[in-house]
Every structure is written in C-alpha cells, then in structure tokens.
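A.B. asks: output the structure for:
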Amino acid sequence: MRYRLILVGRTERGFVAEGLVHYLARIRRTVPVEEVVLPDAGRGEPGWQQRTESDRILAALKPGEKVVVLDERGKLLTSPAFAAQLGSWRDQGVRDLAFIIGGAYGLTDAVRHRADLVLSLSPMVFPHQLVRVLFAEQLYRAEAILKGTGYHHG
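C.D. replies: Down below sits the predicted model:
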C-alpha cells in the first residue's frame, strides 16, 4: 500500500515538524508515504476558509483512492483496531490510501462524505498542527502492529 498524507498549510517549525519528520521517516522504512501540503485559505471568515480548504482537498484526491478523514466527530478506534482496518484494506488489494488533516476551521460535510473512514483521535479537540504528529505516530504504531514488532505493548 502507498500512503498520502494530505495537509492544509505548512507544518510549523519546532517540535511539530521534528515529530512529523521522525515518524514519517520510520513509516517510510516499509511503506511509501507522500506528503501533500495544500495552501491554507488565508485570512477570512471561518466558513469561507473551511469551504475553500475543503474544495482544495477534494480536488487533490485521486480516483479510486481510499480516504481517511481525521475529525473529532469521527469513529474512535483503538490502535489495534486501526491497524486491523489498514490490514483489512491491504488484504482486499487497496493500493492507495489518503489521510486528510484539515486546517484550523476543520472540514465540510462534503469531505467527510467522501471518506471511507472518518476517524477521531479523541473526543477532545487538538490544534490541527499537533494532530499531524499524533496521527503520524498512530500510523507508525499501526504498521508496527501489522508487522509484529515490539513497538506496541498493548
């Protein structure tokens, strides 16, 4: 399988960027990962920003690509359950999987409806920058679970 991480706006410098680089490098040892950074909408009314960024996300998706959207209203999965979902798609022959992390004002219903899975990392809300690191770690953890390494102790 190949992964695409679709992000709105550049990753900030500092610990967020370092964490993202760290986990993506670990994932890339076994799975190709492409980062697609879409420009944020800039300043404007929040609803306009959300719609503009969501339109950019939908335009960036490839036909036939499975899509996972990160959203606080999504499904809560344990790390092993998330790994099992990835493994199931892999076993079904899915080749391309896109993970979407929106901007500061979130995503429209159109993006959520396009998703094959709307996933929540927590019922709490986190800054979209921090979600990048949290999700990258969980994606690495899922790959480690599927490969049977000792990274996940649960």
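A.B. asks: helix or strand: which one has K75?
C.D. replies: Assigned by DSSP states H and E, K75 belongs to strand 66-76.
A.B. asks: so for stretch 24-39, first residue to last residue, what's the gap.
C.D. replies: Across its full length, stretch 24-39 reaches 21 Å between end residues, using Cα to Cα, to the nearest Å.
A.B. asks: how about stretch 114-124?
C.D. replies: First-to-last distance for stretch 114-124 - Cα to Cα - comes to 23 Å.
A.B. asks: which residues touch it?
C.D. replies: Contact with stretch 114-124 is made by 58, 61, 66-77, 82, 85, 100, 112, 131, 134-135, 138, as judged by Cβ atoms under 8 Å, 6 or more residues apart in numbering. Quick note: C-beta positions are derived from backbone N, CA and C, even for glycine.
A.B. asks: quick one, strands of this structure?
C.D. replies: 2-8, 33-38, 66-76, 96-101, 117-120 (DSSP state E).
A.B. asks: would you mind giving those as CSV with distance to F126, mean neighbour count and mean pLDDT added?
C.D. replies: Formatted as CSV, those follow (distance: least, Cβ to Cβ, whole Å; neighbours: other Cβ atoms under 10 Å; pLDDT from 0 to 100):
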stretch, distance to F126, mean neighbour count, mean pLDDT
strand 2-8, 14, 21, 97
strand 33-38, 19, 15, 97
strand 66-76, 8, 18, 96
strand 96-101, 10, 22, 98
strand 117-120, 10, 18, 98
